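J.: Here is a sequence with its predicted model. Questions after.
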Amino acid sequence: MSDGAMQLTAAAMRDQVVRGERTSRSFVDAAFAASDAADPGGGALNIFLGTDRARTRADADAVGAGGGGALAGVPVALKDNLATLHLPTTCGSRILEGYVSPFEATAVRRLREAGAVTVGKTNMDEFAMGSSTEFSAYGPTRNPLAATRVPGGSSGGSAAAVAAGIVPIALGSETGGSVRQPAAFCGVVGIKPTYGRVSRYGLVAYASSLDHVGVFGRTVDDAALGLQVIAGSDPRDATSIDVPVPDYRSAAGSSMAGVVVGRPREYFPESLDPRIRDACDATLDALRSAGAEVRDVSLPHTDLAIPAYYVIAPAEASSNLARFDGVRYGRRAPGDGLRGMYEATRSRGFGAEVLRRILLGTYVLSAGYYDAYYRKAMEVRRLIAGDFHAVFASGVDVLLTPTTPTPAFAIGAVSDPYEMYLSDIFTVTANLAGVPAMSVPVGTVDGLPIGAQVIAPHFGEHRMLGVAYAIERTRQTRDAT
Amino acid sequence: MAVSEDDVRHVAGLARVSLEPERVRMLATELNGILSHMEVLAAVDTSGIDLHARDDDDGMPLREDAGPQLPLARSRSAFAPESRDGFFLVPRLATHEDAAEGA
């Protein structure tokens, strides 16, 4: 926008609305203008699956000056697997085409009650199964910074909406890195909180023990504010944990003096792109200069994370997605009898990657294979969680790693399923262990953004954000000199 | 533990999915490729792991056995227009209609 409206942080937007200096309507119109400029006709980048501009403008007009909401009048975007009342929730799948939920996700309700205004539902890999947003039934999303590249996934539409300057905050979801990886690919901030920190009520389930609602922000402060609003216990989610929510934005001025930052050697293999290694090491140097102690550490079971994850996640998916049967949700395809209808509906409604994971999950849970695959993977998951417990118990406050082994790859470049799974290699561990982690931009490789990942102990989001704010600060200082 | 085409057909049946023969062959190849990377798990010593052990004795926190009213934004009739005896009615299958007519 020519008046710079969309360059403001979410907190600055909110303050201007509350003081009556600008209206929410002006920010929403600026968001639409930014969307039209970045994605003319919606077909170039394919960021949004569902919008209702008239309704969004009406919602914005209902936000008056003087209200006290933490996000009063701020435009936001939502991944299309979060249940909303007025826009469809398709999960990027044909099987839920046109489905409108009769209830609202808790995270969405909390944003709305804080005064945020939803500008649209964003594209995603079907049922969050993917790492590139190429596996949406509604076509791929492209990276706003390089349209021949993927935005990452599965929350690629939300990452792209923030990167394109349409919204300062967007919600995504994570099962194995689906917020942090696209955040790194799109040059924005992405947070996966502690498992139980944010309610999953109304998040369409993929793998329930690994699923999290996450937040994208253009800055660390935007993401911290978004997390502040949606965090907290919820009686509608049995895995929600009743732990007080600290003031995350108060981490902004955190001193790095005495903070112990671990550099796990398994996340810096010989095969890592040296430019990504150098960017992460430069970030560690900057933190050291700010007073932190950097310590080499080991998480010895890291190389088992992808095999364990791709047993557990498809197993849980095969159970969760059994509900899409042509009776209870979405579309129905005619078939011969009840079973024929089930099979026709599911075979035509699900895409290839979803079917692959359902069958993989059904196989590893089936008689004769449960102990060899599923039980073993769950035991290995305990070992991976134990690695984190041990390293944090040794006095390490946070870990710093690359978020991804590469920058954004070209659309269509990765066709082998397991090769695609490996793009989550540095992120799945935090989902398996349930610890909070976030990606912060730390530079570029071949002109494409890359991120560093900060990982903290359970409910250590405040410390994690303190380090992220410091990384952002030191980058701004370096860029200015 | 190679996945055969019969295995694919078996799990497809369990998952209520129908597959064309060519797709069965492709999936057998794909699943074998993916599962070959999982074989590394078998070599891991997990004899000391008890999946039922917890760090605390609290167990899963339980709410009172009287859940809150589900916050439906629309009346049930808006998304499930037909009901009988407290149950939602869903569109009939042709085979069920035949059965009803014969009853």
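T.: That came through fine. Numbers count the residues shown, from 1 in each chain, chains lettered A, B, ... in the order given.
J.: List of residues touching stretch A:337-344?
T.: A:325-326, A:332-335, B:16-18, B:93, B:95-96 (C-beta atoms under 8 Å, 6 or more residues apart in numbering or on different chains). From N, CA and C alone the C-beta is placed, and that goes for glycine too.
J.: ok, of these, which come out buried?
T.: A:325-326, A:332-333, A:335, B:16-18, B:93 (16 or more other C-beta atoms under 10 Å in any protein chain shown).
J.: In contact with the nearest residue to A:Glu113 once chain neighbours are set aside, which residues?
T.: Spatially, and ignoring its direct neighbours in sequence, A:Glu113 is nearest to A:Gly69 (7.1 Å; C-beta to C-beta, 6 or more residues apart in numbering or on different chains). For A:Gly69, the contact set (C-beta under 8 Å, 6+ apart) comprises A:14, A:63, A:113-116.
J.: what's the helix or strand harbouring A:Val454 packed up against?
T.: Assigned by DSSP states H and E, A:Val454 belongs to strand A:448-455. On a contact count with 3 or more C-beta pairs under 8 Å, 6 or more residues apart in numbering or on different chains; DSSP states H and E, strand A:448-455 meets helix A:180-186, helix A:274-289, strand A:398-402, strand A:437-445, helix A:461-480.
J.: CSV for these, including distance to A:Ser209, mean neighbour count and mean pLDDT?
T.: Listed next are these as CSV, based on distance: least, C-beta to C-beta, whole Å; neighbours: other C-beta atoms under 10 Å in any protein chain shown; pLDDT from 0 to 100:
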stretch, distance to A:Ser209, mean neighbour count, mean pLDDT
helix A:180-186, 18, 35, 98
helix A:274-289, 29, 17, 97
strand A:398-402, 22, 25, 98
strand A:437-445, 16, 26, 97
helix A:461-480, 20, 20, 90
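J.: could you dump the ones you listed to CSV with distance to chain B?
T.: Output for the helices and strands packed on strand A:448-455, formatted as CSV (distance: least, C-beta to the nearest C-beta, whole Å):
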stretch, distance to chain B
helix A:180-186, 19
helix A:274-289, 23
strand A:398-402, 21
strand A:437-445, 20
helix A:461-480, 20
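J.: and those as CSV, adding distance to A:Pro144?
T.: Output for those, formatted as CSV (distance: least, C-beta to C-beta, whole Å):
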stretch, distance to A:Pro144
helix A:180-186, 7
helix A:274-289, 21
strand A:398-402, 22
strand A:437-445, 14
helix A:461-480, 20
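J.: tell me the two of the contacts of stretch A:337-344 that are most distant?
T.: B:Val17 and B:His96 (22.1 Å; C-beta to C-beta).
J.: quick one: A:Ala205 from A:Asp237, how far?
T.: 11 Å (C-beta to C-beta, to the nearest Å).
J.: Give me the contact list for stretch A:368-385.
T.: Under C-beta under 8 Å, 6+ apart, the answer for stretch A:368-385 is A:299, A:301-302, A:304-305, A:307-309, A:311-312, A:315, A:363-365, A:429, A:432-434, B:1, B:35, B:38, B:41-42, B:44, B:46, B:49, B:51.
J.: Take the buried ones among the contacts of stretch A:337-344 and keep only those in helices.
T.: Assigned to helices by DSSP state H, none of the buried ones among the contacts of stretch A:337-344 qualify.
J.: Of the residues you listed, which is the nearest to A:Arg478?
T.: B:Val17 (52.8 Å).
J.: Let me see the contact set for that closest one.
T.: A:343, A:346-347, A:350, A:355, A:358-359.
J.: Return the subset of the residues you listed lying in helices.
T.: Using DSSP H, the contacts of B:Val17 in helices are A:343, A:346-347, A:355, A:358-359.
J.: Chain B versus the nearest residue in space to A:Ser24 that is not next to it in sequence, what's the distance?
T.: With sequence-adjacent residues excluded and distances taken as C-beta to C-beta, 6+ apart, A:Ser24 is closest to A:Gly73, at 2.9 Å. Distance of A:Gly73 to chain B, given as C-beta to the nearest C-beta, to the nearest Å: 23 Å.
J.: my guess is A:Gly73 contacts A:Thr23, does it?
T.: Yes - using C-beta atoms under 8 Å, A:Gly73 makes contact with A:Thr23 at a distance of 7.1 Å.
J.: now A:Leu49, what's its secondary structure?
T.: strand (DSSP: H, G, I helix; E, B strand; the rest coil).
J.: about what we covered before: and which of the contacts of B:Val17 is nearest A:Leu82?
T.: Scanning the contacts of B:Val17 for proximity to A:Leu82, where the rule is C-beta to C-beta, the winner is A:Phe350, at 19.9 Å.
J.: Identify the residues contacting that closest one.
T.: By C-beta under 8 Å, 6+ apart, the contact list for A:Phe350 reads A:93-95, A:126, A:321, A:324, A:358, B:17.
J.: again with A:Ala470
T.: By C-beta under 8 Å, 6+ apart, the contact set of A:Ala470 is A:254, A:256, A:287, A:290, A:292.
J.: Tabulate those in TSV, adding columns for distance to A:Ala54.
T.: Output for these, formatted as TSV (distance: C-beta to C-beta, whole Å):
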residue	distance to A:Ala54
A:Ser254	43
A:Met256	48
A:Leu287	48
A:Ala290	48
A:Ala292	50
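J.: Run through the residues that contact the most centrally placed residue in chain B.
T.: Compute the mean C-alpha point of chain B, and by C-alpha atoms, centre = their mean the closest residue is B:Ala15, 7.2 Å away. Residues near B:Ala15 by C-beta under 8 Å, 6+ apart: A:318, A:322, A:346, A:358-359, A:362.
J.: For PyMOL, write the select line for the buried members of those residues.
T.: Selection command for PyMOL covering only the buried members of the contacts of B:Ala15, criterion 16+ other C-beta under 10 Å:
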select buried, chain A and resi 318+346+358+359+362
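J.: What segments of the chain are strands?
T.: You didn't say which chain, so I picked chain A. Counting by DSSP state E, chain A has strands at residues A:48-50, A:75-79, A:117-122, A:169-174, A:189-192, A:212-217, A:260-264, A:293-297, A:398-402, A:437-445, A:448-455.
J.: hm, I was asking about chain B
T.: Using DSSP E, strands in chain B cover B:83-84, B:87-88.
J.: right, and those - which one's nearest A:Pro269?
T.: Smallest distance to A:Pro269 across those (C-beta to C-beta): 53.6 Å, for strand B:87-88.
J.: Quick one, grab the pLDDT at A:Ala65.
T.: Looking at A:Ala65, its pLDDT is 66.
J.: can you check A:Met420 too?
T.: According to the prediction, A:Met420 has pLDDT 86.
J.: again, but for A:Gly330
T.: At A:Gly330, pLDDT is 80.
J.: hang on, the earlier thing: turn the contacts of B:Ala15 into TSV, including distance to chain B and pLDDT.
T.: Conversion of those to TSV gives the following (distance: C-beta to the nearest C-beta, whole Å; pLDDT from 0 to 100):
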residue	distance to chain B	pLDDT
A:Ser318	6	97
A:Ala322	8	96
A:Arg346	5	96
A:Ile358	5	98
A:Leu359	5	98
A:Thr362	4	97
